[in-house]
Structures are given as structure tokens and as C-alpha cells.
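> Take a look and give me a structure for this.
(chains A and B)
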Amino acid sequence: MFYQPLSAASIRRFCQNQKFLVQHAVCKGDGSIKQSHPGNAAFADESYLCCSQKIKMFNKRTRIKELLAQEPAGQEVTVMGWVRTFRNNQFIALNDGSTNNNIQVVVTLGSQDDDFLKRITTSASLKVTGTVVPSLGKGQRMDLNATRIEILGDSDAEIYPLQPKKHSLEFLREIAHLRFRTNTFGSVFRVRHALAFAIHKFFNDKGFVYMHTPIITASDAEGAGEMFKVTTLPFDDTPRNEEGAVNFAEDFFGKATNLTVSGQLEGELGATAFGDIYTFGPTFRAENSNTTRHLAEFWMIEPEMAFSDLEDNMNLAEEFIRYIIRYAMDNNREDLEFLAQRLAEEEKQLPQEKRGELGLIEKLEFVLNNDFERITYTEAIDILRESNYNKKKKFQYPITGWGMDLQSEHERYLVEKHFKKPVILSNYPKEIKAFYMRQNEDGKTVAAMDILAPGIGEIVGGSQREERFEKLLSRMKDMHIPEEELWWYLDTRRFGTVPHAGFGLGFERMVQFVTGMTNIRDVIAFPRTPGSAEF
RNA sequence: UCCUGCUUAGCUCAGUUGGUUAGAGCAUCUGACUGUUAAUCAGAGGGUCGCUGGUUCAAGUCCAGCAGCAGGAGCCA
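This is a model prediction of the structure:
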């Protein structure tokens, strides 16, 4: 079905022409049908028209991406889009977001009056009907010789902020609502879409169940980070209990609630019934993190697999990452090539040692064609200790020995200097990892794994989960995790527990890796960061 | 949260040792031209130099505080 707001006059005209069969007058607002009177405009005033797809649609248009793939043979088409540039009062570069490539609309000299031409400004929206012919110019294969141009929406050039020139990413962030109309963000968000689609396809093809874990959670025991509180309690005159603490018994849910920091614990409930599940949804962290790779609201993918161990987990993660990169390479080649060029130009500004050794496309191909390096935490410490970097005391944080937490400079050294490819680090000391990770036989380490990617750092964090009830419970006690709050989680270990494993992958970091964008705020439509929730 | 840097026209940036009326390119507007490729050419308009206070005869320039932005660190995905 297709909906289009129309003026009463347009509706009357369409109905009189009988080109369109008006099936329903649809009430504005909620979209519910108010009247059903074929061909009668009287009921459609200030309403939305709803036309059946079988009937000729008002907006029957050819996407510019599809048009550019055709042979120019004099065929008549209608395209709609936004003006990128208007040169010479004659050539309109029109873009509709289906591709970065524009269709060149040619306006015959003298066919339009000057006042009309002056309204063809950057980002004005047009409906153009014309014939497609081979271009006389050199920059493009085809021209659309316009026979009819309709301005759908004017764009005041004096105040429209985007210009046909290079803008800084910082400036575009301030106009995030318009930045999709640039080539860079067009490509980034088409690739983002492709990756999201590929994720669902990958898991669906493998028989995983897509599970919707809650956004609002009551447990604050996960320890994954600071949480945003969810409450309907008043800020002034907040109800208090006898001890003077906020009385959440009076709150909406009757208890304290937060936005989720992870769907993992709920995911484990699904995995211990369906076998294999995955989640893909928004996640929230109230950490005061101001970096190029943290967001307060981000999207996370969390598969969880029953009857699996750490190695199965690593295998899945590696296959998964390859699959979605391959999908983007196969389906968004043009966008990736544009982004590769953009990145190459950006890196020209940097000193030699800060530039990537490979171009974006080469980097992605390298990841597709080479196995990830798999090493244990213990091996990593040895490599770092023996490195020239350490001997020359180039690390800001010295390698103190086994048991230390790795700093990002250490991870970067392993990934970018030593192995020069993605690295899967496993079997960390239990002291520096979460309570639910499975304890290894050595009594010192847990079956955890992180995947580190060049330029991004940690992209995946996962583990085999502790399926043994007693071990899990004693670990929770050690770490002061209240078991009464997680009674439901512990039930999976009480009733038919199985070895299982899973991981979390930060979607935006993956999009960063694939698009080469260096700031995470440029791969999510409307970034939420400390002090910033515009749009 | 900590460290560092930045803030001058719509955008990207110059602005010397503190010294006359703060400049450029692009954009915008007006006009010209017309097969252009971020078109070109000519002209015009556009500034509380982030904010507050201080030093000085004199501050865009020096000092302090605050704010915003960016990069790095921590936390992590």
C-alpha cells in the first residue's frame, strides 16, 4: 500500500481524470480508515489517500540506481530525488539516495522561465519525467532529457547548510538530520543496512532463533556497566522508605528498573530451550565515556549456543564476521569503494606511521582470506614481555606480568604491530572477568575470548558460560552478586543445564571496521553520548 | 572522569612582536555566459573574533574562569 499526502484540489483532479482509483479516504493521524468511497474526493479533504498498488500509483518512479543500470535508448521514465548541483542553468545532478551516483537531468534551454529555474537549488526535491538518451558530455553514460519538471519541495539556498563542497565530519554531526544527503553518509548508512540484513540472514540460515530480550530490566547484577534508571517517580517529593532511601515499591514496576546493558542473561534462557538464539537490539551504558568508539546507546548482537564450548564460540564468531563482511563486499561494492577513497584521502593528512598499511578494500579482503590469530592470554603476556616495544619501555603501562589487565596500547601492539590481523585472545585470568564465565581446570583462568580488530580494538567479547551450578554460585558469592535477584538465571543450571557459550558484538564497531569511519558517532544515525542527545 | 589541543563570516581557514577600517577561498545574492562535471566570469552583501572577567593608552592577539568541540587515556562492545 502507498500513502501520500495530497491537497484537496489534487485529489479532485486525480479523481476527475480517473487515472487513479481512490479506494479509501484515510483519517489523518493514526492512519485508520475513516471512509471508503471510491472516486469520491469529498471525503478526502485534508486526509491521506490510499491507492492500491495494482492501480497506477501516483508515485510510480524509477530508482536512480536502477535507471543507471539501464541502456539509454530513448525510454520514458520518471525519477524523483534531491538536487545535488545545478550547473549552467541546464544540468541537474539528481540523487535519490539509492546510490551515490546522480542522474544528470538536462533542462532544454528556454523551456522553463527564469523564476522556475531559480527554485532548482541544492536539495530541492524534484519529480522529473523525461527520456533517457546517451549523454553528449563526458562525465556520465546517460542523460535524462526532461519533458516535465515538478518541484515537490523548495530548499532555501540562503539557509540550507549543505554545500556542494567538502564538509568536516564534525560540522556534519551538528546537522545529523541532513547528513544522509551527503555521499559519505549515504554510503555509510547503506553499508550499515547491508550489515544488519546480513546478520539476520546469517543466523536465520543457521537455524538460530531471533530473540527479543527486554529493553527495560530489573536486574542490576550484570556488572556490564553503569545503567540508566527507568522510573516514573517524581523528582520532587520522591517517596522514601523508613531508611530514607527511594521507595521503588511505589514505582511503575514496583521495583527499581534500568535500561538493559546486555541481553546475554536472558539470551541464555533462550539458548537452553531453542538451542541456538541471537539477539540484535539497542543497548545502553551510562558510562561517562568520551572516545571515538563508545556510545551511550548502541546496538549489540549476542548469539548464545547450547551444547557449545569456547572453540565452537570462536569458530562461530570468526565465520560470522567473515560472512557479513563478504555480504557487504558483494552487495555494496560501490559504497565501499567510495569509502575507501575517502579514507585514503583522509589518511594523506596523517603522518606516515598513523596511516593504515592497507586500503579499506584490501583490509577487508585480507580479513576474508586469512584466519584470525588465536592465542591465549598467557601467550599474549609472553609476546608482550619479549617485545622490543616493552624492552625499550615504549609502553605507557609496563608489562607487570601474568594477571595484569591488558591496556588498549597492548592490544593495539598485538593486533597492529605483531600479528597485523584480527586476534582472538582467550583464557583470561578469572579475576579480571565476569562471574558467569566458565572456570578452566587450571583454577586460574576462565574460558573467555575477545576478538581484537585493527584500528578498533575489542570488537567481540564472549565466553563459554559456567554451566555447573555449584561453581557458578560460589563465583557469584565471591563477587558479591546477589543470587536472589538472579534466581531465574540460576534455574537454567538447576534444570537440565548444558555446556553453552556465546558472545557480544558491538554493531557500530563492526560498521566502523567495514566503512573505515574513525569516529563511532559517524556510523549511527543519531549518536547518544555524554552531554549530547540532539535530534 | 583525567590529560592535551582547538573555538575568527553559512563552511574551511589566514591574521606577524598587542597598534589604523579583521582578510582569503568556497557558499549566498545580483548580472553575464551556455554541453556543464563541486561549471565559469564580473560585482555585492555578510563578523559582538565562543562567553565572562582581568592586564594595558590600546586585546582577535596576553592572563584567569566557564562553556562547547575534537584527540588520547580509563571503563567497555
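> Can you check what pLDDT the model gives the residue nearest to residue A:493 when sequence neighbours are not counted?
Distances taken as Cβ to Cβ, 6 or more residues apart in numbering put residue A:469 closest to residue A:493, at 4.1 Å, once the chain neighbours are dropped. (C-beta placed from N, C-alpha, C; glycine too.) On pLDDT, residue A:469 comes in at 97.
> what about the closest residue to RNA strand B within the stretch 1-150 of chain A, how many neighbours?
Closest contact between the stretch 1-150 of chain A and RNA strand B, by Cβ to the nearest atom of the strand, is at residue A:137 (2.0 Å). Look at residue A:137: counted by other Cβ atoms under 10 Å, it has 9 neighbours.
> quick one: contacts for it?
A:91, A:104, A:143 (Cβ atoms under 8 Å, 6 or more residues apart in numbering).
> Now name the helix or strand holding the second one.
Just to be clear, that refers to residue A:104. strand A:103-106 (DSSP states H and E).
> what's the average pLDDT for the next helix-or-strand element following that strand?
Sequence order places helix A:114-117 as the next helix or strand after strand A:103-106, per DSSP H and E. When pLDDT is averaged over helix A:114-117, the result is 90.
> which of the residues in helix A:114-117 are buried?
Buried residues in helix A:114-117, counted by 16 or more other Cβ atoms under 10 Å: residue A:117.
> got it, and stretch A:310-323?
For stretch A:310-323, by 16+ other Cβ under 10 Å, it's A:310, A:313, A:314, A:316, A:317, A:318, A:320, A:321, A:322, A:323.
> Kindly report the same for stretch A:379-389.
So, applying 16+ other Cβ under 10 Å, buried residues of stretch A:379-389: A:380, A:381, A:383, A:384, A:387, A:389.
> Let me have those residues in JSON lines, extended by distance to residue A:169, pLDDT and secondary structure.
Compiled in JSON lines, those are given as follows (distance: Cβ to Cβ, whole Å; pLDDT from 0 to 100; DSSP: H, G, I helix; E, B strand; the rest coil):
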{"residue": "A:380", "distance to residue A:169": "34", "pLDDT": "95", "secondary structure": "helix"}
{"residue": "A:381", "distance to residue A:169": "37", "pLDDT": "95", "secondary structure": "helix"}
{"residue": "A:383", "distance to residue A:169": "35", "pLDDT": "95", "secondary structure": "helix"}
{"residue": "A:384", "distance to residue A:169": "34", "pLDDT": "94", "secondary structure": "helix"}
{"residue": "A:387", "distance to residue A:169": "34", "pLDDT": "92", "secondary structure": "coil"}
{"residue": "A:389", "distance to residue A:169": "31", "pLDDT": "88", "secondary structure": "helix"}
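> which of those residues lies closest to residue A:272?
Nearest to residue A:272 out of the buried residues of stretch A:379-389 is residue A:380 (Cβ to Cβ; 31.8 Å).
> got the contact list for that closest one?
Neighbour list for residue A:380: A:406, A:410, A:414, A:425 [criterion: Cβ under 8 Å, 6+ apart].
> go with 7 Å
A:414, A:425 (Cβ atoms under 7 Å, 6 or more residues apart in numbering).
> Pull up the gap between it and RNA strand B, please.
Separation of residue A:380 from RNA strand B (Cβ to the nearest atom of the strand, to the nearest Å) stands at 15 Å.
> Find the nearest non-adjacent residue to residue A:523, please.
Take residue A:523 and drop its neighbours on the chain: the residue closest to it by Cβ to Cβ, 6+ apart is residue A:511, 4.1 Å away.
> residue contacts, that neighbour?
With Cβ under 7 Å, 6+ apart, residue A:511 has these contacts: A:191, A:192, A:195, A:523.
> Need the residues that contact stretch A:166-177.
Against stretch A:166-177 from outside (Cβ under 7 Å, 6+ apart): A:161, A:179, A:182, A:185, A:519, A:521, A:522, A:526, A:535.
> what about it, near RNA strand B?
Yes. In terms of Cβ under 7 Å from any atom of the strand, part of stretch A:166-177 sits within range of RNA strand B, namely A:166, A:167, A:168, A:170, A:171, A:173.
> So for these, which is the shakiest by pLDDT?
Among the residues of stretch A:166-177 next to RNA strand B, residue A:166 has the weakest pLDDT, 88.
> Can you name the helix or strand that that residue falls in?
Short version, using DSSP H and E: residue A:166 is in no helix or strand.
> Can you report how many residues neighbour residue A:188?
So residue A:188, with other Cβ under 10 Å, has 27 neighbours.
> Once you drop chain neighbours, what's closest to it?
residue A:515 (5.1 Å).
> on that earlier part again, and the residue of the stretch 1-150 of chain A closest to RNA strand B, what's its pLDDT?
Reading off the model, residue A:137 has pLDDT 91.
> what does residue A:58 give?
In this model, residue A:58 carries a pLDDT of 62.
> And residue A:347, by the same measure?
Value for residue A:347, per-residue pLDDT: 86.
> One more: the one 10 residues further on?
Listed pLDDT for residue A:357 reads 78.
> Let me know how buried the nearest residue to it once chain neighbours are set aside is, in neighbour terms.
Spatial nearest neighbour of residue A:357, chain neighbours left out: residue A:420 (7.4 Å); criterion: Cβ to Cβ, 6+ apart. Counted by other Cβ under 10 Å, the residues lying close to residue A:420 total 15.
> on that earlier part again, what is the nearest of the buried residues of stretch A:310-323 to RNA strand B?
RNA strand B lies nearest to residue A:317 out of these, by Cβ to the nearest atom of the strand, at 10.4 Å.
> Tell me where the model's unsure across chain A.
Within chain A, the ranges that satisfy pLDDT under 70 run A:1-58, A:220-224.
> Neighbours of residue A:76, how many?
12.
> Setting aside sequence neighbours, what's the nearest residue to it?
residue A:131 (5.5 Å).
> ok, now which ones touch the one you found?
Counted by Cβ under 7 Å, 6+ apart, residue A:131 has contacts A:74, A:75, A:76, A:145, A:147.
> What sits closest to the second one if chain neighbours are left out?
Ranked by Cβ to Cβ, 6+ apart and with sequence neighbours excluded, the top spatial neighbour of residue A:75 is residue A:132, at 5.3 Å.
> Then the first one?
Nearest residue to residue A:74, sequence neighbours excluded (Cβ to Cβ, 6+ apart): residue A:131, at 5.4 Å.
> Any idea what that neighbour is bridged to?
Counting by DSSP bridges, residue A:131 forms beta bridges with residue A:76, residue A:145.
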